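J.: Sequence first, predicted model second:
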Amino acid sequence: MKGWREHKGLATALNLENVDTDQLIPARFMSTPRGEGYGSFLLHDMRFSAEGDADPDFPINRYPDVSILVGRRNFGSGSSREAAVYALADFGIRAVIAPSFGDIFASNSVNNGLLPALVSQAHSQELLNILGTGTVELAINIETRTISVDTKSIPFKLSEAWSQKLINGWDDIDLTQQHRPAITAYRARRAKTLPWIIPKVENVE
Amino acid sequence: MTSLLDKLWESHEILRSEDGRSLLWVDRHLVHEGSHHAFAKLAQRGVSVAEPGLTFGVVDHYAPTRGVAASPAIARMIDTLEKNAADHGVTCFGMNDPRQGIVHVIGPEQGLTLPGLLINCGDSHTSTHGAFGALAFGIGATEVAHVLATQTIWQSRPKSMRITVSGRLASGVGAKDLALAWIGKMGSGAAQGHAIEYSGEAIRSLSMEGRMTLCNLSIEGGARFGMIAPDAITLDYITGRPFAPEGETLERAQEYWETLKSDPNTGFDCEITIDASEIAPIVTWGTSPEDALPVTATVPTPTELNGADAERVAAAIDYMGLAPGRALSDVHIDQVFIGSCTNARIEDLRAAAAVLAGRRSKVPGLVSPGSQLIKAQAEAEGLDQVFRDAGLEWVDAGCSMCVAMNGDIVAPGKRCASTTNRNFRGRQGRGARTHLMSPAMVAAAAVTGHLTDVRPLLVGRESS
Ligand code: SF4
């Protein structure tokens, strides 16, 4: 995965609370292999009627070129389905800005180069007011944790660990493999002090 | 003063990075059909599963409940898991295994879930296993691949929260009502970033089934996971389970388990107390688990709320096809569903059957036990006959209508009284309207055809 430090792009508002993972991607699409792309599944049942017609007023239908979404409270709540992040990423979204996120959604985002930018309630409302039903160009800087719009600068929160992952495009597996010796030693210690921790062997087929 | 969370965290921490994240050891990794993305990542890197003996596969999300897979795509999902498990030497409770069932039901049932373990699964309701005093949390596909490859997970330590439930739950009120009550009161994001420890008299008197229901729903309150310190009830449940320790090893394990509790006077980042005796049977009216009220209440009136709340409530009421101010007990339903990792254990089926015995359901419905073993036990107890006699369909084990992936769906616009955990828009099928409640409350709704207080229906016929 490629890392990124700064992004400038069009933002639009998704002015809804509790945009849960079942809305971000309905379950029926999740058996699709990733290679086929998940962008068209994003918020599918909100964007398209049962007959498959796109709602021309739905923000991401109206502005398919946006790369930043500004949401409300509890964005990405619900399931651990990483497909919700694939749908956002494959649609072209690089960052979601909201006052709170589902915990697992946020860590899934970082694992896919998508920034979950946590802003205060007041700043989220301010951004929503600026955007209205249109689009505005925002500049995001992960290093300085700022979102710039015109001359204004809005801070967001992001842990140092997640910021490093996003900037460097790091994959945890590579990082963890460097700690092999510590892991092996831990495992041996654990199996010795708590032998019952390993499931009874005779039952394992 | 150390908390249960501290003890569990420290015992799993292999190291801590400069940026404050902990590398934790994973004692059990449960995978299901949705793990195909993770196995594909493994294949891309050409690595194999690090600890096949600590990894267990389960077919549940796409499991057919009436014999045959509903589509070739669904059949392919099941085949892919069984093949990936076989390729990596991982035990798989597949479609032809009599132990098959929902991942969070069979982990405990098989004795794979034990106090003091760290358990991961690519499913948010992994929090269920916390009922045993385990660190159990859901992870995404990238993390599943990481656990498969390394048997470890990077996590930052959550903040601690204690929910103390004093007093006793009234008759006809159970763990599901307790969970929906606190989420309804605090909001679905209330526990974000926190690990919850449940304690107090009402928790101690809950069965393991009830504790699992409560911990299962922790995630719906936004928590990373929920936990309950192990006690005699926990030990009793574990003893004799196929993968559980026995004899002398069990005694050694037990000594350790006894240390797994928060020391007296431990401080928590957040404390909540609830009086159990004040909780009535709860139903949800909206599209988030926080939209929960006693069944005796009315649908909220948006004009009485302010700004953002008013908008959200109005949208939820509109989606649900309800009218503001209407009595919840006047809401008619089209069908019922009893199942899912929240409420498909034997005790749940008994509670529903106690209400339905000798009565007919006014609406059609599905009863899907949490595992094939629970199905067999229920049949031995004659519960299946109670459901059939009531006019409900008794089907095989799996996630079924909880997530509508296997083809069991609620049709657009239909209203379902459901024992599941999410009333999100479209969760049970596009346009489906879900009301969450306990198994006894679903049974009551079936009997009357509308949302109903179960308590009068229980007079003279208490379940265990
Ligand atoms: S029953 Fe529902 S919530 Fe539980 S594991 Fe299956 S899909 Fe997830």
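T.: Thanks, I have the structure now.

J.: By residue count, which helix of the chain is the longest?
T.: Chain wasn't specified; assuming chain A. helix A:180-193 (DSSP state H).

J.: I was after chain B.
T.: From DSSP H, the single longest helix across chain B is helix B:72-87.

J.: Tell me the gap between it and the middle of its chain.
T.: Mean-position distance between helix B:72-87 and its chain equals 24 Å (Cα atoms, centre = their mean, to the nearest Å).

J.: Say whether chain A is contacted by that helix.
T.: Yes: if you take Cβ under 8 Å from any Cβ of the partner chain as the test, helix B:72-87 does meet chain A, through B:73-74, B:76-77. The C-beta positions use only the backbone N, C-alpha and C, and glycine is treated the same way.

J.: Just the residues contacting that helix, thanks.
T.: A:31, B:31-33, B:35-36, B:39, B:57, B:59, B:61-64, B:69, B:90-92, B:94-95, B:405-407 (Cβ atoms under 8 Å, 6 or more residues apart in numbering or on different chains).

J.: How about the residues of the stretch 151-300 of chain B by chain A?
T.: B:151-152, B:154, B:156, B:188-189, B:192-193, B:222, B:224, B:242-246, B:249-250, B:252-253, B:256, B:287-288.

J.: Number of residues surrounding the closest residue to chain A within the stretch 301-450 of chain B?
T.: The stretch 301-450 of chain B approaches chain A most closely through B:F424 (4.2 Å), counting by Cβ to the nearest Cβ. B:F424 has 22 neighbours, counted by other Cβ atoms under 10 Å in any protein chain shown.

J.: hmm, the longest helix of chain A in reach of chain B?
T.: Yes: Helix A:180-193 reaches chain B (Cβ under 8 Å from any Cβ) through A:182-183, A:186-187, A:190.

J.: Closest to chain B out of those?
T.: Of all these, A:Y186 has the smallest distance to chain B: 4.5 Å, by Cβ to the nearest Cβ.

J.: can you tell me the helix or strand for B:I14?
T.: In this structure, B:I14 sits in strand B:13-16 according to DSSP states H and E.

J.: which stretches of chain A have low pLDDT?
T.: Across chain A, the ranges flagged by pLDDT under 70 are A:201-205.

J.: sorry, back to before: for PyMOL, write the selection for the buried entries among the residues of the stretch 151-300 of chain B next to chain A.
T.: Restricted to buried positions by 16 or more other Cβ atoms under 10 Å in any protein chain shown, the PyMOL selection for those reads:
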select buried, chain B and resi 151+152+154+156+188+189+192+193+222+224+243+244+245+250+253+256+287+288
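
J.: What about the residues of the stretch 151-300 of chain B next to chain A, which are in strands?
T.: Among those, DSSP state E puts B:152, B:154 in strands.

J.: Out of the residues of the stretch 151-300 of chain B next to chain A, which sit inside helices?
T.: Going by DSSP H, the helices hold B:249-250, B:252-253, B:256 from these.

J.: would JSON lines of those with distance to the ligand be doable?
T.: JSON lines is the format used below for those (distance: Cβ to the nearest ligand atom, whole Å):
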{"residue": "B:T249", "distance to the ligand": "30"}
{"residue": "B:L250", "distance to the ligand": "29"}
{"residue": "B:R252", "distance to the ligand": "32"}
{"residue": "B:A253", "distance to the ligand": "27"}
{"residue": "B:Y256", "distance to the ligand": "29"}
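
J.: now, among the residues you listed, which is nearest to A:Q177?
T.: Nearest to A:Q177, judged by Cβ to Cβ, of those is B:Y256 at 30.5 Å.

J.: And the closest one, how close does it get to B:L135?
T.: Counting by Cβ to Cβ, to the nearest Å, the gap from B:Y256 to B:L135 is 14 Å.

J.: next one: B:S277
T.: Applying Cβ to Cβ, the value for B:S277 to B:L135 is 31 Å.

J.: if we can go back for a sec, contacts for the longest helix of chain A, please.
T.: With contacts defined as Cβ under 8 Å, 6+ apart, helix A:180-193 is touched by A:176, A:197-198, B:14-15, B:23, B:25, B:150-152.

J.: Output these in a markdown table; the columns should cover distance to A:A87.
T.: Below are the contacts of helix A:180-193 laid out as a markdown table (distance: Cβ to Cβ, whole Å):
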| residue | distance to A:A87 |
| --- | --- |
| A:T176 | 27 |
| A:I197 | 38 |
| A:I198 | 39 |
| B:I14 | 34 |
| B:L15 | 34 |
| B:L23 | 30 |
| B:W25 | 32 |
| B:T150 | 27 |
| B:Q151 | 29 |
| B:T152 | 28 |
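
J.: Buried ones among the residues you listed?
T.: Judged by 16+ other Cβ under 10 Å, buried ones among the contacts of helix A:180-193: A:176, A:197-198, B:14, B:23, B:25, B:150-152.

J.: B:A344: which of those residues is nearest?
T.: Among the buried ones among the contacts of helix A:180-193, and counting by Cβ to Cβ, the member closest to B:A344 is A:I197, at 28.3 Å.

J.: Tell me, how many residues neighbour residue 55?
T.: You didn't say which chain, so I picked chain A. 12.

J.: looking at chain B here, not the other one
T.: When neighbours are counted by other Cβ under 10 Å, B:T55 comes out with 23.

J.: B:S329: what's it in contact with?
T.: With contact set as Cβ under 8 Å, 6+ apart, B:S329 has these partners: B:295-296, B:450-453.

J.: hmm, try it at 6 Å
T.: B:295, B:451-452 (Cβ atoms under 6 Å, 6 or more residues apart in numbering or on different chains).

J.: Check B:A327 too.
T.: Contacts were defined as Cβ under 6 Å, 6+ apart; by that measure B:A327 touches B:T298.

J.: Which parts of the stretch 251-400 of chain B are strands?
T.: Using DSSP state E, counting those that start in this stretch, the strands of the stretch 251-400 of chain B run over B:270-275, B:282-284, B:292-294, B:335-338, B:365-367, B:393-394.

J.: Check chain A too.
T.: Using DSSP E, strands in chain A cover A:6-13, A:68-70, A:95-98, A:115-118, A:135-141, A:146-149, A:152-155.

J.: Could you export those as a markdown table, including mean neighbour count and distance to A:S163?
T.: Shown next, in a markdown table, are the strands of chain A (neighbours: other Cβ atoms under 10 Å in any protein chain shown; distance: least, Cβ to Cβ, whole Å):
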| stretch | mean neighbour count | distance to A:S163 |
| --- | --- | --- |
| strand A:6-13 | 18 | 12 |
| strand A:68-70 | 26 | 17 |
| strand A:95-98 | 25 | 13 |
| strand A:115-118 | 24 | 9 |
| strand A:135-141 | 18 | 10 |
| strand A:146-149 | 18 | 12 |
| strand A:152-155 | 14 | 13 |
